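Q: Provided below for reference: sequence and predicted model.
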Amino acid sequence: SKDVDAVSLRLYERLLEARQGDALAELDGKVCQSCFMELRPNQLVQLAQGRTLVQCPNCDRIVVPR
């Protein structure tokens, strides 16, 4: 956790608590595997760039590529 910026770490910890330990969601193609909603094109671009954390617009989990 020392290599992660404070804002990202707080977001992760908040989601862990809110989602009962399930803060991350795998992405299969364009679809969040926690709630099965399709991410928006701009979110897919942000995820591909890897500069910022991307959250699912429906379940708010942090999306990670499969």
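A: Cool, got the structure.

Q: only C-alpha atoms for contact and neighbour calcs from this point on.
A: OK.

Q: wait, Gln33 sits on Leu24?
A: No. Using Cα atoms under 8 Å, Gln33 is not in contact with Leu24, being 9.7 Å away.

Q: Listing request: residues of this structure with sub-threshold pLDDT.
A: Within the chain, the stretches falling below the threshold (pLDDT under 70) are 1.

Q: Tell me where it has strands.
A: Assignment of strands within the chain using DSSP state E yields the ranges 24-28, 31-32, 62-65.

Q: helices or strands next to the shortest one in the packing?
A: Put plainly, it is strand 31-32. Helices and strands touching strand 31-32, as assessed by 3 or more Cα pairs under 8 Å, 6 or more residues apart in numbering; DSSP states H and E, are absent.

Q: Could you do the first one as well?
A: Strand 24-28 is packed against strand 62-65, with contacts defined by 3+ Cα pairs under 8 Å, 6+ apart.

Q: Please spell out which residues along the strand it packs on are buried.
A: 62-64 (16 or more other Cα atoms under 10 Å).

Q: which residue is nearest the middle of the protein?
A: Among the residues of the chain, the smallest C-alpha distance to the mean C-alpha position (Cα atoms, centre = their mean) belongs to Ile62, namely 1.4 Å.

Q: For Arg10, find the nearest of the strands of the chain.
A: Of all these, it is strand 62-65 that lies closest to Arg10, at 12.3 Å by Cα to Cα.

Q: Provide a list of residues in contact with the closest residue to Glu38 other than its chain neighbours.
A: The shortest distance from Glu38 to any residue that is not its chain neighbour, by Cα to Cα, 6 or more residues apart in numbering, is 4.3 Å, and that residue is Val31. When the contact criterion is Cα atoms under 8 Å, 6 or more residues apart in numbering, the partners of Val31 are 37-39.

Q: ok, now Gln33?
A: Taking Cα under 8 Å, 6+ apart as the criterion, Gln33 is in contact with 25-27.

Q: Of those, grab the buried ones for ChimeraX.
A: For the buried members of the contacts of Gln33, the matching ChimeraX selection, counting by 16+ other Cα under 10 Å, is:
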select :25,27
